[in-house]
Each structure stands twice: as C-alpha cells, then as structure tokens.
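Asks: Okay, sequence plus prediction incoming.
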Amino acid sequence: MSKSKGSRLVYACQTCGFQSPKWLGKCPDCGEWNGFIEERAAPSSTSDPAKVGMFGLSATRPLRYADIESQDDSRRDSGIAEFDRVLGGGIVPGSLVLIGGEPGVGKSTLMAQVAGALSDSHGTVLYVSGEESERQIKLRGERLGLKADGLFLLPETCLERVLEQVDALGPAAIIVDSVQTVFSMKLESAPGSVSQVREVAGQFLILAKNRSLPVFLIGHVTKDGQLAGPKALEHIVDTVLYFEGERHHNHRIIRAVKNRFGAANEIGIFEMTERGLVPVANPSAMFLSERPVGAAGSVVVAALEGSRPILVELQALVSSSQYGTGKRMTVGVDANRVSLLMAMLEKRLGMHLIGDDVYLNVAGGIELDEPAVDLGLVAAIVSSYRNRAIDERTVVFGEVGLAGEVRAISQASSRLREAVAMGFRRAVLPQTNIAGLPALDDGLELVGVRSVAEAIDALF
C-alpha cells in the first residue's frame, strides 16, 4: 500500500476511538483489551471549504430567533404511528437518526416499510444498501407488499459515489443500511473502523443539516448489545433508537435512548408478522393477554415508558435453597435494585430471605428501570414468599425507600386511566399521590399507603 502524502500511522481503539502512536494492549480511556488497530490518519484537507465530500454546501447566514419556523409544524408523518411516536411526533427535516439492534430483529424490515410509506407521501426516497443487492431488497419488499414508485435502491458502499447519487437524485429522505459497511476513499482504513465510521457519519450529518434532509443510519451491535463503533457516533446523531425484545418473541420494542426532538425513553411496540412489523395499538392488553389467574407471585404494575403508561406483569418465585446463601436472578429489572428491596424486607418486615432462591421476571420481554415499579417488586416477592395470590383486578405502583416508606411517583393520573381502561378496579399507590389527583368517577378504588407494611396489609 502506498503511503499518502502527509499521512501518518496511528493505533485507534475500536471501542472508544482513542488514538495512540504505538500499539497498546489495554485502552487507557475505556479499559478495553486488544482493541487497538493500525490505521492511517487522514491528512488535513486543503480543498474548497464550500465542498464537503462530493456534494456542495449551500450558503448560510445568521437568522433571527423569532424568524425561525417551529420544527413541530414541519414534522413529517412516516406513515407508521408507532415509529412517529418514538421520534417525538414525526420525522424532523434535517435530523440524523441511528437505529441499532441485534441481527435478525427487524431493522431492515422496519426501514423498508418506512421507506415505502415516505415515498408514497413525500416523494423520492433513496435506500442505500451495503449488505444486500437490489434483488434481495426487492424480494423483501414484495413480501411486505410494498408498491413504492418513488423508492430508489442503491447497492453501494463508497461514500463519495453515494453522495454523487444524492446530488443527482435529490431525494426527500435517505436510508443507509448499514453505516459500518460504507467507507470513504479519503481514508485508507478498513470499512467499519473508527475513522471510517466517524467520517461517514460526519458527512451524512453535514448533508442532513445543510439540506434539511432526514437521514436514517442502521448500525450493527456488539455481542454485549451495544452499538458497534465508537461512542462518538451516538454523540454525532440526533436520535438513537434501539430494538428490544427477543427474536423468538412475536413482538418488537423500539426505544429512543437519545432524542433531541422529543422525549427520551419513549417506546414503540410492534408485532412481527408475515407482512412485516405491525404497530400494536394496545400494548397493555398484549402484555397481560397470557397472565395466569390466581397464581402466587404475580402482580400487575403501572409502568411509564416515555409518555406512555403500560400495564406489565411482574412474576416472582421464592423457593427454599439447599445451600446457606440463596441464588438471585432477575430478567427485565435491575438486580441491584432487587437486592436493596430484599434487604429492606428483611430489616423492616422481618422476612428471612437470605437462605431462599429468589427469581424475578418481567413477562413479555420488556425492561423496566423506573422507581415506580419498586412496590410491585416487593408485592410479588411477598406474594410468592407467603404463597398467597394478589387480587387479579389490583394494580400496584410506587417508589420504595430503604426505611420502608412508599414515596410519590410522577404522572399517577395517566397510570390510573390506563388501569381503568384495562378493567382494573383497585389501585394501591402512594398516599402522597392521592392528594394531588383530580376527581375520578370511574369506579376505581384508590388505596393510599405510606409504608410497605401498609401496602402488604392492603394487598393480603
């Protein structure tokens, strides 16, 4: 390989992007082992600053704040309601969106549906694929029933050639599948390396902002479930969407981990069918559809994901252990939080759980990380420990402190409205939340509690 003029060899960490003039076994920035790869640093460009990559930049000037139009008025409908919800109400022109998920979870399927809907309503859409040929994408489109006359497919991995086609076509939106396969000829490193991913994402960012063009980047994930490439990639983009849920489940959850134009942690729920991903209108009904009746250790909690209340079933199993110390295992909730709550139960209620095996599961494959599910976790553990079932028409929510107190949580009224819509007749919630609730004439019995002991007495 011929050396480029002005370039130099560096070693870059493929996890965080830290650069070193010599090879290191362990990255001093992120602590990753054996992550350094030899790359050739790109020389500084001396070309026209008004030309970046292969596309020209339009001139910019300062604008008065009062003269700038509201972005909410210019949002575009993608044609898929759940996808618009995750983005904060629609697609913002000039936004750069990164979509990540495990292989086979449905990233390309969803973006093919979005591309088809956008081409029908907003004009030309360019779908750049570095992993599949145009015939493979066409085959998927036929399976999904797409009839998009304005959708153009481009099987290309060279960034400069892609930008040439963007200039020639003038699309209303661009989808890149995936960002790790695209490379720039200005750099000598391999596709997917830190320098290439940064260069490709930076070029698409400039393109999106300068032309008010929405760009969607599909990204690979590592075996740990994190987006592959440097963490700087997540800082470059405006929105980061993650696919959640097992591939063996028939539903998929898309969560907005970062969103500059809407609420973070918002989720959209889809069902995987033969015709692609279908939005789920009532997620609570889906998560509670197979709930067992009269089973000890089962309780329904009113969780809040972004701005959406969802009723989810928590399951606990407490059994005696043959060893001195019991085993702890959780799925869908933080294991450290569960350990704190179990220590509180032993200290405040005298429940000896140290010698018991405790297993906790969130039914449906969703992950809950808000404090409002604490009271539900406690109720499920006590129900299984005492082998007594909780009333199937009772919903529980509230934050629990280490002193055994039940603290107030946010948006209690929206959680209760969701419980009423699902047919629940009793709610156990923090006493502080009841004082601030509006008048509810819906037959829902509200039981306010100030401590875990009061909650246990109310439930059993």
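Replies: In hand now; what should we look at?
Asks: Can you give me the domain boundaries for the protein?
Replies: As given by automatic domain parsing, the domain ranges for the chain are 7-41, 76-281, 286-459.
Asks: Nearest to residue 62, out of these?
Replies: domain 76-281 (15.4 Å; C-beta to C-beta). C-beta coordinates here come from the backbone N, C-alpha and C atoms, glycine included.
Asks: Give me the mean pLDDT for the closest one.
Replies: The average of the pLDDT scores along domain 76-281 is 89.
Asks: end-to-end on that domain?
Replies: Start and end residues of domain 76-281 are separated by 21 Å (C-alpha to C-alpha, to the nearest Å).
Asks: circling back to that earlier point, what's the closest of the domains of the chain to residue 63?
Replies: Of all the domains of the chain, domain 76-281 comes closest under C-beta to C-beta, at 13.3 Å.
Asks: what separates that closest one from the chain centre, distance-wise?
Replies: 14 Å (C-alpha atoms, centre = their mean, to the nearest Å).
Asks: same deal with stretch 296-307?
Replies: That offset, for stretch 296-307, works out to 19 Å (C-alpha atoms, centre = their mean).
Asks: How about stretch 350-363?
Replies: Worked out by C-alpha atoms, centre = their mean, stretch 350-363 lies 29 Å from the chain centre.
Asks: Can you give me the first-to-last residue distance of that stretch?
Replies: End-to-end for stretch 350-363, by C-alpha to C-alpha: 28 Å.
Asks: Can you give me the buried ones in it?
Replies: 351, 353, 356-363 (16 or more other C-beta atoms under 10 Å).
Asks: Among those, pick out the one closest to residue 18, please.
Replies: The nearest member of the buried residues of stretch 350-363 to residue 18, counting by C-beta to C-beta, is residue 362 at 36.3 Å.
Asks: ok, back up a step: tell me which of the domains of the chain lies nearest to residue 60.
Replies: Nearest to residue 60, of all those, is domain 76-281, at 7.7 Å by C-beta to C-beta.
Asks: for the chain, what's the longest strand?
Replies: strand 308-320 (DSSP state E).
Asks: Could you pull up the mean pLDDT of that strand?
Replies: Here the average pLDDT along strand 308-320 is 94.
Asks: so what does it touch, helix or strand wise?
Replies: Under the contact definition 3 or more C-beta pairs under 8 Å, 6 or more residues apart in numbering; DSSP states H and E, strand 308-320 sits against helix 283-287, strand 298-305, strand 356-362, helix 374-386, helix 412-421.
Asks: What strands flank the helix or strand that that strand is followed by, and is each parallel or antiparallel?
Replies: Sequence order places strand 328-331 as the next helix or strand after strand 308-320, per DSSP states H and E. Strand 328-331 pairs in its sheet with strand 356-362 (parallel), by DSSP bridges.
Asks: the inter-axis angle of the strand it pairs with versus helix 374-386?
Replies: Using axes from the mean of the first three to the mean of the last three C-alpha atoms, to 10 degrees, one finds that strand 356-362 and helix 374-386 are set 130 degrees apart in direction.
Asks: out of the buried residues of stretch 350-363, who's nearest residue 413?
Replies: residue 362 (23.7 Å).
Asks: what pairs with the closest one across the strands?
Replies: Using DSSP bridges, the bridge partners assigned to residue 362 are residue 314.
Asks: Quickly note the distance from it to residue 335.
Replies: Distance from residue 362 to residue 335, counting by C-beta to C-beta, to the nearest Å: 12 Å.
Asks: would you list the domains of the chain in CSV and tack on distance to residue 65?
Replies: Formatted as CSV, these follow (distance: least, C-beta to C-beta, whole Å):
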stretch, distance to residue 65
domain 7-41, 34
domain 76-281, 17
domain 286-459, 27
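Asks: so what's the residue nearest the centre of the chain up against?
Replies: Most central residue of the chain, judged by C-alpha distance to the mean C-alpha position with C-alpha atoms, centre = their mean, is residue 255 at 2.5 Å. For residue 255, the contacting residues are 86, 241-242, 244, 265-267, 305, by C-beta atoms under 8 Å, 6 or more residues apart in numbering.
Asks: Okay, now the sheet partners of the helix or strand encompassing it, with direction.
Replies: Here residue 255 sits within strand 251-259, counting by DSSP H and E. Paired neighbours of strand 251-259 in the sheet (DSSP bridges): strand 239-244 (antiparallel), strand 267-273 (antiparallel).
Asks: Identify the residues contacting the shortest one?
Replies: The one in question is strand 239-244. By C-beta under 8 Å, 6+ apart, strand 239-244 touches 86-87, 95-102, 105-107, 227, 234, 252-262, 267, 365-367.
Asks: and these, which are buried?
Replies: Using 16+ other C-beta under 10 Å, the buried ones in the contacts of strand 239-244 are 86-87, 95-102, 105-107, 227, 234, 252-256, 259, 261-262, 267, 365-366.
Asks: Can you tell me which of those end up in strands?
Replies: 96-100, 252-256, 259, 267.
Asks: how close does the residue nearest to residue 444 when sequence neighbours are not counted get to residue 156?
Replies: Leaving aside its chain neighbours, residue 444 sits nearest to residue 420 (5.3 Å; criterion: C-beta to C-beta, 6 or more residues apart in numbering). Counting by C-beta to C-beta, the separation of residue 420 from residue 156 is 53 Å.
Asks: again, but for residue 172
Replies: 19 Å.
Asks: Pull out the buried residues from stretch 269-287.
Replies: Those would be 269-270, 272, 276-277, 280, 283-284, 286-287, for stretch 269-287 by 16+ other C-beta under 10 Å.
Asks: Which pair in the residues you listed has the greatest spatial separation?
Replies: 276 and 284 (23.1 Å).
Asks: Could you give me the buried positions within the top helix by length along the chain?
Replies: Using DSSP state H to define each element, the chain has its longest helix at helix 194-211. Neighbour-count burial for helix 194-211 flags 194-205, 207-211 (criterion: 16+ other C-beta under 10 Å).
Asks: now it and strand 96-100, what's the angle there?
Replies: 140 degrees.
Asks: From the contact counts, what lies against helix 194-211?
Replies: strand 8-13, strand 36-41, strand 96-100, helix 159-169, strand 173-177, strand 215-219, helix 232-236.
Asks: got a list of contacts for the first one?
Replies: So that's strand 8-13. By C-beta under 8 Å, 6+ apart, strand 8-13 touches 18-24, 27, 29-30, 32, 35-41, 193-195.
Asks: Out of these, which end up buried?
Replies: Buried among the contacts of strand 8-13 by 16+ other C-beta under 10 Å: 18, 27, 35-37, 39-41, 193-195.
Asks: Same list (those residues) but as CSV, adding distance to residue 61.
Replies: Putting these into CSV (distance: C-beta to C-beta, whole Å) gives the following:
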residue, distance to residue 61
18, 37
27, 42
35, 43
36, 43
37, 42
39, 37
40, 37
41, 34
193, 37
194, 34
195, 32
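Asks: and residue 82, that's in a helix?
Replies: Yes - assigned with DSSP: H, G, I helix; E, B strand; the rest coil, residue 82 falls within a helix.
Asks: Pretty sure it sits against residue 270.
Replies: Yes - in this structure residue 82 lies within contact range of residue 270 using C-beta atoms under 8 Å: 6.1 Å.
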